[in-house]
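Asker: predicted coordinates and the sequence they were generated for:
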Amino acid sequence: MIHPGPLEADSSASWERLRCRVCASDDLVEVLSLGELPAANAYLRPEDLDAPEPRFPLSLRLCEVCGMVQLGHVVPPDLLFRSYLFFTSSSVRMTEHFSKLMNGMADAFTRPKGLVVEIGSNDGTALRSLAGRDLRILGVDPSRNLSEIATATGVPTIDEFFTEDLATRIVETHGQADLIVGCNVLGHIDDLDDVCRGVKALLGDDGAFVIEIPYLGAMLDRLEWDTIYHEHLSYFAVAPLRHLFTRFGLGLREVEFVPVHGGSIRCTVVHGDVTAPSIDDLIEAETAKRLADRRTYAPLPDMVTGHQRALRSWLEEQGSEGRTVIGYGAPAKGSVLLNSCRIGPELLSVVLDSTPAKQGLHMPGTHQPILPPGALEEIGPDILLVLAWNHASEIAEREHHFRAGGGRLLTPYLDEL
């Protein structure tokens with residue numbers, strides 16, 4: 001399996017995006033800055049701990065024309081995605097979630113021997129759930145290590161970024177798709193126009209493009225600021241999404257809320273000018289919440305700073321009172337949190353993670369070693385700080401013996417599990 005090395009300092013230049021990626025307006029206003037942080041998934045090998053770590057600006061900007069919220073700088077995608085250490089199969093809950101999604105959408109939109117394409121197919125977990133059905137499946141994922149795993153386990157995968165050019169090549173070799181699925185991937189792509197052109201070309205006349213993406217409204221309501229990192233270029237509400245798809249002759253047929261990754265929306269996109277009253281209602285609700293108004297975001301910097309200070313103070317207090325706190329889960333959001341709060345090994349000595357590919361590496365920037373969950377008994381902490389809070393219920397079940405023995409599990413928002 002391809003293993004990541006340190007990011008090369010001379011290849012670390014990011015570029016500033018001066019126009020909205022949905023409507024091309026230059027009317028962008030910065031609503032939050034987290035400073036310069038290392039790439040959230042740039043985990044370090046022990047021998048690379050003394051090497052320079054590139055840092056990139058991380059700021060959130062609002063387009064006051066269409067309401068799109070997006071990062072102000074783009075890190076070269078080859079640095080972020082060519083080798084990737086998040087495996088969908090590592091979470092039982094998410095495996096079940098994607099199986100239900102895939103099979104439900106296949107029932108609704110595919111014909112016998114129809115083609116199902118997944119953009120951002122990771123290790124093939126979601127597509128593999130369609131095994132045994134009379135369908136053709138194809139994954140697209142730029143991560144070479146994940147594509148190798150997927151292909152080896154029966155899910156043919158193209159290790160490229162999804163573009164209009166690739167979509168055209170897929171049509172030439174496989175025909176058009178009955179169903180295109182993209183979960184937690186649209187927000188990772190800078191050129192959304194290219195993606196939409198590709199979907200338009202690849203999608204059959206009666207097919208559907210189904211996406212799941214974290215919802216901006218949920219992020220703001222719950223102050224999930226640690227979900228802001230360099231891979232997540234876009235933070236979607238319904239109104240900008242409809243604006244984007246309409247420009248390419250695509251329509252939002254349905255939007256539903258799903259309780260994954262801190263609050264997401266599942267959107268069904270089809271060809272044509274679709275006008276659903278339920279979509280209008282959602283956009284009216286977003287207008288009432290003023291999601292396109294800079295004044296809505298004005299309190300955000302102080303709220304984030306307040307949480308950062310509170311979490312660091314809490315960790316300092318636990319240490320001064322003789323309690324040991326360690327991290328659980330080494331997700332990108334955990335990297336953002338630790339670096340933004342300046343939480344080093346002196347406050348949080350290690351992080352446990354169930355992903356074998358991460359074990360033995362170190363967190364970007366703050367350098368905590370990442371150990372397997374089996375180290376929990378040997379370390380004997382008092383408290384687990386669940387950095388992968390989107391998997392909190394699954395982690396709580398997995399470590400029920402720790403809780404039964406008097407251990408505590410808390411999220412970084414200091415909510416007890």
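Answerer: Received the coordinates, thanks.

Asker: show the pLDDT at residue 86.
Answerer: Per-residue pLDDT puts residue 86 at 69.

Asker: repeat for the one 3 residues further on
Answerer: Each residue has a pLDDT score; the one for residue 89 is 80.

Asker: counting neighbours, what do you get for it?
Answerer: 18 (other C-beta atoms under 10 Å). Glycine gets a C-beta too; all of them are placed from N, C-alpha and C.

Asker: how many residues are close by the residue nearest to it when sequence neighbours are not counted?
Answerer: By the measure of C-beta to C-beta, 6 or more residues apart in numbering, the closest residue to residue 89 outside its immediate chain neighbours is residue 125, 4.6 Å from it. Neighbours of residue 125 under the rule other C-beta under 10 Å: 23.

Asker: surely residue 125 and residue 88 touch.
Answerer: Yes - with contacts counted by C-beta atoms under 8 Å, residue 125 reaches residue 88, the gap being 4.0 Å.

Asker: give me the common contacts of those two.
Answerer: 94-95, 98 (C-beta atoms under 8 Å, 6 or more residues apart in numbering).

Asker: which of those tops the neighbour count?
Answerer: residue 98 (24 neighbours).

Asker: can you give me the buried ones in the lowest-mean-pLDDT helix or strand in the chain?
Answerer: The weakest-scoring helix or strand in the chain, judged by mean pLDDT, DSSP states H and E, is helix 77-81 (a mean of 84). Buried residues in helix 77-81, defined by neighbour count with 16 or more other C-beta atoms under 10 Å: 77, 79-81.

Asker: only alpha carbons, please: show it as PDB.
Answerer: Taking C-alpha atoms only, helix 77-81 is exported to PDB below (Å, rounded to 0.1, in the frame of the first residue of the first chain):
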ATOM      1  CA  PRO A  77      -5.300  18.500  -4.500                       C
ATOM      2  CA  ASP A  78      -2.500  16.200  -5.400                       C
ATOM      3  CA  LEU A  79      -1.000  16.900  -2.000                       C
ATOM      4  CA  LEU A  80      -4.200  16.100  -0.100                       C
ATOM      5  CA  PHE A  81      -5.800  13.200  -1.900                       C
END
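
Asker: on that earlier part again, want to throw the shared contacts of residue 125 and residue 88 into JSON lines with pLDDT, distance to residue 145 and secondary structure?
Answerer: Converted to JSON lines, the shared contacts of residue 125 and residue 88 look like this (pLDDT from 0 to 100; distance: C-beta to C-beta, whole Å; DSSP: H, G, I helix; E, B strand; the rest coil):
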{"residue": "94", "pLDDT": "82", "distance to residue 145": "19", "secondary structure": "helix"}
{"residue": "95", "pLDDT": "86", "distance to residue 145": "19", "secondary structure": "helix"}
{"residue": "98", "pLDDT": "86", "distance to residue 145": "19", "secondary structure": "helix"}
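
Asker: I'd like these written out as TSV, with distance to residue 154 added.
Answerer: What follows is the shared contacts of residue 125 and residue 88, written out as TSV (distance: C-beta to C-beta, whole Å):
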residue	distance to residue 154
94	19
95	15
98	16
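
Asker: related to what we said a few turns ago, how far out from the middle of the chain is the least confident helix or strand of the chain?
Answerer: On the basis of C-alpha atoms, centre = their mean, to the nearest Å, helix 77-81 is displaced by 14 Å from the centre of the chain it belongs to.

Asker: just checking, what packs against it?
Answerer: Using 3 or more C-beta pairs under 8 Å, 6 or more residues apart in numbering; DSSP states H and E, no helix or strand is in contact with helix 77-81.

Asker: neighbours of the residue nearest to residue 244 when sequence neighbours are not counted, how many?
Answerer: Leaving aside its chain neighbours, residue 244 sits nearest to residue 22 (4.8 Å; criterion: C-beta to C-beta, 6+ apart). For residue 22, the count of nearby residues is 23 (other C-beta under 10 Å).

Asker: can you check the one 10 residues further on too?
Answerer: For residue 32, the tally of surrounding residues (other C-beta under 10 Å) stands at 18.

Asker: hmm, back to that, which strand or helix spans the residue nearest to residue 244?
Answerer: Assigned by DSSP states H and E, residue 22 falls within no helix or strand.

Asker: any idea how far the residue sitting nearest the centre point of the chain is from residue 266?
Answerer: Centroid-nearest residue in the chain: residue 184, 5.2 Å away (criterion: C-alpha atoms, centre = their mean). For residue 184, the distance to residue 266 (C-beta to C-beta, to the nearest Å) stands at 11 Å.

Asker: overlap of the contact sets of those two?
Answerer: With C-beta under 8 Å, 6+ apart as the test, residue 184 and residue 266 both reach residue 212.

Asker: residue 381 is in contact with residue 328, isn't it?
Answerer: No - counting by C-beta under 8 Å, residue 381 does not reach residue 328; the two are 9.4 Å apart.

Asker: comparing the two, which residue is more hemmed in?
Answerer: Neighbour comparison, residue 381 and residue 328: the larger count goes to residue 328, with 29 against 22 (by other C-beta under 10 Å).

Asker: which one is residue 44 nearest to, not counting chain neighbours?
Answerer: Among residues not flanking residue 44 along the chain, residue 362 sits closest, at 4.4 Å (C-beta to C-beta, 6+ apart).

Asker: next, give phi and psi for that neighbour.
Answerer: Main-chain torsions, residue 362, degrees, to the nearest 10: phi -130, psi 150.

Asker: pLDDT score for it?
Answerer: In this model, residue 362 carries a pLDDT of 98.

Asker: cool, the one 4 residues further on as well?
Answerer: Confidence at residue 366, expressed as pLDDT, is 98.

Asker: where does it fall, helix, sheet strand or coil?
Answerer: Under DSSP: H, G, I helix; E, B strand; the rest coil, residue 366 falls in the coil class.

Asker: got the contact list for it?
Answerer: Residues near residue 366 by C-beta under 8 Å, 6+ apart: 335, 338-339, 343-345, 348.

Asker: next SSE downstream of the helix or strand that contains residue 56?
Answerer: Using DSSP H and E, residue 56 maps to strand 55-63. Per DSSP H and E, the first helix or strand lying C-terminal to strand 55-63 is strand 69-71.

Asker: which secondary structure elements does that following strand contact?
Answerer: Strand 69-71 makes packing contacts with strand 55-63, strand 234-235 when contacts are defined by 3+ C-beta pairs under 8 Å, 6+ apart.
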